[in-house]
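Chemist: no sequence on hand, only this structure:
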């Protein structure tokens, strides 16, 4: 009912109060997302009198009393009570009767809404609407979603930056660690990095063994392995020494996931990659700010394993054909999307550098799109995905609208529902 009122989808256009007085809605008001009446600053003609004030909407008129609005002075500003069922007259806290109007919702609207939200998190029930949607409207929505996701990621970066009192390299370190989880292990990676400050790692940045010992030890991967080879024995010895030196507290229950995961994607390999990036000193944020095109991105993550991790995917048995390259090209592209671009964008906002803001957007528009089930779902629905800008928009659409059943707030869902609201 709030949606129909907000978007002027009511029928007929001229209605009457429950007492029979003609009602004409000049301005439905602004939706209130906090406490108080549902809509602020509405303008409504009731008979020959223009009223300016607030509007409250309920399924049943008696909900006014059920919610104790009759004793709340905050609702004395209500000029019209809109209901689906007129089961009683209602009054303000001063005893004056509030004009009340019955507004019917189309059964087709409710049925269509139910069919959308009941399938939205499992399928794409709006695929038919997508196929006939004007390209201009669809592209406009995609642009809005892409910006929404980019600013959402920048907000996360801002929270990291506040936590580290403006230290961009520490912020970059956490952002990179989280991204190395590639979704499924993002939270464990972030907690791991948070438990191991960059300043501690920096004191031993000239020793790859020390960095690996710190990371694997804090990750809990040294707890249940036998030191039956030189490398693992050294790791355990080094970690015990450094954990005591820095008084490290190991995160509890990180919950690493490896089920149905290809060996190159095991968290052990990702941690070894992070250690390789940290070796020699971590200056990735400064390198990101020097990036000017997609051609500069591979050098940020160009790591080849040597030693133990050149022949292992995890601790234990030696692999016959492990990949020497730490990350595939597609994985590097994902890191560019989730690390480089958000950090560059967040930094540009903090220093008000519009050229850098535009560069962050341009990088997304030049990078190849992610390949996952979400992109495949929308491709099948008729939305082509030529670049990372579009793939990020589609991921935002799926995660923040489809899976949360916010079809009323999606432009595609809005177009579908507005057609059947009358």
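Modeler: Looks like it came in fine. Keep in mind it's a predicted model, so treat the numbers as computed, not measured.
Chemist: any low-confidence regions in the stretch 201-350 of the chain?
Modeler: 227, 323-324 (pLDDT under 70).
Chemist: and if we set it to 90?
Modeler: Across the stretch 201-350 of the chain, the ranges flagged by pLDDT under 90 are 224-229, 252-253, 259-264, 302-304, 306-307, 316-329.
Chemist: the closest residue to residue 129 other than its chain neighbours in helix, strand or coil?
Modeler: Distances taken as CB to CB, 6 or more residues apart in numbering put residue 416 closest to residue 129, at 4.8 Å, once the chain neighbours are dropped. For every residue, glycine as well, the C-beta is placed using N, CA and C. Here residue 416 is helix, with the state taken from DSSP: H, G, I helix; E, B strand; the rest coil.
Chemist: how about the strands in the protein?
Modeler: Taking DSSP state E, the strands of the chain run over residues 15-16, 22-27, 30-31, 39-46, 49-60, 78-85, 100-102.
Chemist: possible to save those as JSON lines with mean pLDDT?
Modeler: Shown next, in JSON lines, are the strands of the chain (pLDDT from 0 to 100):
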{"stretch": "strand 15-16", "mean pLDDT": "91"}
{"stretch": "strand 22-27", "mean pLDDT": "94"}
{"stretch": "strand 30-31", "mean pLDDT": "94"}
{"stretch": "strand 39-46", "mean pLDDT": "95"}
{"stretch": "strand 49-60", "mean pLDDT": "96"}
{"stretch": "strand 78-85", "mean pLDDT": "95"}
{"stretch": "strand 100-102", "mean pLDDT": "95"}
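Chemist: residue 216 is nearest to which of those?
Modeler: Proximity to residue 216, assessed across those by CB to CB, is greatest for strand 30-31 (51.0 Å).
Chemist: what about residue 379, how many neighbours?
Modeler: 13 (other CB atoms under 10 Å).
Chemist: skip the chain neighbours and tell me the closest residue to it.
Modeler: residue 385 (6.2 Å).
Chemist: and what of residue 407?
Modeler: residue 413 (3.4 Å).
Chemist: any idea how far the one you found is from residue 390?
Modeler: Look at residue 413 and residue 390: by CB to CB, to the nearest Å, they are 19 Å apart.
Chemist: try residue 266
Modeler: Distance, residue 266 to residue 390, using CB to CB: 30 Å.
Chemist: same check, this time on residue 247
Modeler: 47 Å.
Chemist: those two: which is more packed in?
Modeler: Set residue 247 next to residue 390 and count neighbours by other CB under 10 Å: residue 390 wins out with 23 against 6.
Chemist: ok, that one - contacts?
Modeler: Going by CB atoms under 8 Å, 6 or more residues apart in numbering, residue 390 touches 142, 146, 369, 383, 384.
Chemist: wait, doesn't the residue nearest to residue 407 sit right on residue 124?
Modeler: No - with contact defined as CB atoms under 8 Å, residue 413 does not count as touching residue 124 (11.3 Å).
Chemist: higher neighbour count, the two?
Modeler: Using other CB under 10 Å as the criterion, residue 413 and residue 124 rank with residue 413 on top: 23 against 19.
Chemist: retrieve the pLDDT associated with the more buried one.
Modeler: We have a pLDDT of 89 for residue 413.
Chemist: wait, what's in contact with the nearest residue to residue 131 once chain neighbours are set aside?
Modeler: Excluding the flanking residues, the one nearest residue 131 by CB to CB, 6+ apart is residue 382, at 4.5 Å. The neighbours of residue 382, taking CB under 8 Å, 6+ apart as the test, are 127, 130, 131.
Chemist: just the buried residues of these.
Modeler: Among the contacts of residue 382, those classed as buried by 16 or more other CB atoms under 10 Å are residue 130.
Chemist: nearest to residue 93, of the contacts of residue 382?
Modeler: Looking across the contacts of residue 382 and measuring by CB to CB, the closest to residue 93 is residue 130, at 48.5 Å.
Chemist: that closest one and residue 412 touch, don't they?
Modeler: Yes - with contact defined as CB under 8 Å, residue 130 counts as touching residue 412 (6.2 Å).
Chemist: shared neighbours of the two, anything?
Modeler: The contact lists of residue 130 and residue 412 share residue 138, where a contact means CB under 8 Å, 6+ apart.
Chemist: any idea how far residue 304 is from residue 28?
Modeler: For residue 304 relative to residue 28 (CB to CB), the value is 62 Å.
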